[in-house]
Structures are given as structure tokens and as C-alpha cells.
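Q: sequence and computational prediction follow.
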Amino acid sequence: MTNNQYEFITTLQYRIKNLQAQVDAFKTGSKYQQMEVQYKSMLHTEECRIHKLEFELSKAHAQTIDVRPKVPSFYTKGQLGAGTCISS
């Protein structure tokens, strides 16, 4: 047996051992539990990010509503013709 063949067989044996350990983890359920914990963590992170974005959006919306009455009426789109520019 040459050195290359020995290395190849050894590598395959290590891969078989690793894959068998993965299968055993699924059979015992420990892998499922680990995946569930990881999923819940990711879900919580995304829900927090979404909540933060929704909060920022509501603040921007509130600012828009607050500013709207203070803008002079000649800036409203309804009183400007199409393509009309306001010059200072």
C-alpha cells in the first residue's frame, strides 16, 4: 500500500466516523434540540430587528403628520399644476 492510498483510506475512515456521529446525534434527538434552540435565537433576533424598524417607521410617519399642517398650502400638490416648479 502506498502512502497516498493510506492517506486516502484514513481520510475516508475519519469522514465515516464523522458522518456516523452526525446520524447518531439525529437519532438521539440532541441535534434536533440544538437546531430548535438555534432557530428560536435567530427568530428572536429577527423579531427584534423588525420591531425596531416598525418603531422607526411609526416615528417617521408621526413626524410627517406633524409637519404637514405647518407647510403653506401653495406647496400642496393639488394646487400646483403638473410640472410646476416653485422658485424662491
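A: Yes, it's here.
Q: can you pull out the low-pLDDT segments for the chain?
A: Low-confidence segments of the chain (pLDDT under 70): 68-88.
Q: all helices of it, in order?
A: 3-28, 30-67 (DSSP state H).
Q: in JSON lines: these, plus mean neighbour count.
A: (Glycine included, C-beta is placed from N, CA and C.) Formatted as JSON lines, the helices of the chain follow (neighbours: other CB atoms under 10 Å):
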{"stretch": "helix 3-28", "mean neighbour count": "10"}
{"stretch": "helix 30-67", "mean neighbour count": "10"}
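Q: can you name the farthest residue from the center of the chain?
A: Met1 (51.2 Å; CA atoms, centre = their mean).
Q: measure that residue to Met35 for me?
A: Counting by CB to CB, to the nearest Å, the gap from Met1 to Met35 is 40 Å.
Q: got it, and Leu43?
A: 12 Å.
Q: who touches both of these two?
A: Both Leu43 and Met35 lack any common contact, where contact means CB atoms under 8 Å, 6 or more residues apart in numbering.
Q: ok, Thr11 - contacts?
A: If you count contacts by CB under 8 Å, 6+ apart, Thr11 has none.
Q: quick one: residues contacting the most centrally placed residue in the chain.
A: With distances taken as CA atoms, centre = their mean, Glu46 lies nearest the centre of the chain, 5.9 Å away. By CB under 8 Å, 6+ apart, Glu46 lies in contact with nothing.
Q: which residue, other than its chain neighbours, is closest to Gln22?
A: With CB to CB, 6 or more residues apart in numbering as the criterion, Gln22 has its nearest non-adjacent residue at 7.3 Å, and that residue is Lys31.
Q: just checking, that neighbour touches Ala25?
A: Yes. Counting by CB atoms under 8 Å, Lys31 touches Ala25, with 3.9 Å between them.
Q: now do the shared contacts for the two.
A: When CB under 8 Å, 6+ apart defines a contact, no residue borders Lys31 and Ala25 alike.
Q: what's the distance between Glu36 and Tyr14?
A: Glu36 is 29 Å from Tyr14, by CB to CB.
Q: sweet, I'm off.
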